[in-house]
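Asks: coords below, sequence missing:
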């Protein structure tokens, strides 16, 4: 009993001395240190796991070098998605997570559950490929959004060229009504045009996007910058973009035939009802006139 009392007294004394020292030396408290550590916001579980796997990711990046083409492509995608990670770090972290999940799956073999181990490894492969494809899917979604807006931009440009050939002025005005994705790209384009050559800025945006429709528009805009009358080319490009937009909508509709069939059935029934009601009323009136 005496030993327990001495230990308890020592703990209280040590805690008291620590608090007195902290007050005299103005040492930061644990809460203050934690607040400074999380000054940019509290890290979530995914961020903490990523920081934990960072040493393993650096080792993997040295053992599995990335090709120059793949690195440049991922850098362009990361720049568009505003991701601060480098391609090597991202790929290395993804591989590290996959290896960690695979090791966890192997632990089920000594426990006599090899089926669960195979399922875990299969989930690991799916997670790896899904993580690698998620960046490309986000970029493709942005490209679709830009392609949807291009016909309106080309039409507006065609009308604008009748009065003014200043591309910088046109892009500044169109930026006010542009969508979020295209607007971000136009912001970068405006910065490049104001700080350098306009034609070079357009070609850099073309290389950054990699959209065939915008490549055609870029060639026309470069011709406008050189003083060539491109109104006919813009009209042709607008028609091509409208046709492509209709084909894209048609393909999307074909991917969900069930909803279209239901909508078509309802529309057909309403049209038949619309034609049948006046006909039935006409027959009833004729019968009443005839005395039936």
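Replies: Received, thanks. The structure displayed is predicted, hence computed values, not measured ones.
Asks: for residue 166, what are its contacts?
Replies: By C-beta atoms under 8 Å, 6 or more residues apart in numbering, the contact list for residue 166 is empty. (Each C-beta comes from the backbone N, C-alpha and C, glycine too.)
Asks: Ramachandran coordinates for it?
Replies: The phi/psi pair for residue 166 (degrees, to the nearest 10) reads phi -80, psi 100.
Asks: so where does the residue minimising distance to the centre of the chain fall, helix or strand?
Replies: The residue lying closest to the centre of the chain (C-alpha atoms, centre = their mean) is residue 138, at 3.4 Å. Taking DSSP states H and E as the definition, residue 138 sits inside helix 114-160.
Asks: for the record, mean pLDDT for that helix?
Replies: For helix 114-160, mean pLDDT rounds to 82.
Asks: Mind checking what helix or strand follows that helix in sequence?
Replies: Taking DSSP H and E, what comes next after helix 114-160 is helix 167-175.
Asks: Looking at that next one now, give me its mean pLDDT.
Replies: Helix 167-175 comes out at a mean pLDDT of 84.
Asks: And that helix, what does it pack against?
Replies: When contacts are defined as 3 or more C-beta pairs under 8 Å, 6 or more residues apart in numbering; DSSP states H and E, helix 167-175 sits against helix 114-160, helix 180-195, helix 212-225.
Asks: give me every residue that touches residue 75.
Replies: 86-87.
Asks: go again using 6 Å as the cut-off
Replies: residue 87 (C-beta atoms under 6 Å, 6 or more residues apart in numbering).
Asks: now it: how far from residue 83?
Replies: According to C-beta to C-beta, to the nearest Å, residue 75 and residue 83 sit 10 Å apart.
Asks: report the angle between the axes of the helix holding residue 138 and helix 212-225?
Replies: Following axes from the mean of the first three to the mean of the last three C-alpha atoms, to 10 degrees, one obtains 30 degrees for the angle between helix 114-160 and helix 212-225.
Asks: Return the most buried member of the helices and strands packed on helix 167-175.
Replies: Greatest average neighbour count among those goes to helix 212-225 (a mean of 18), per mean count of other C-beta atoms under 10 Å.
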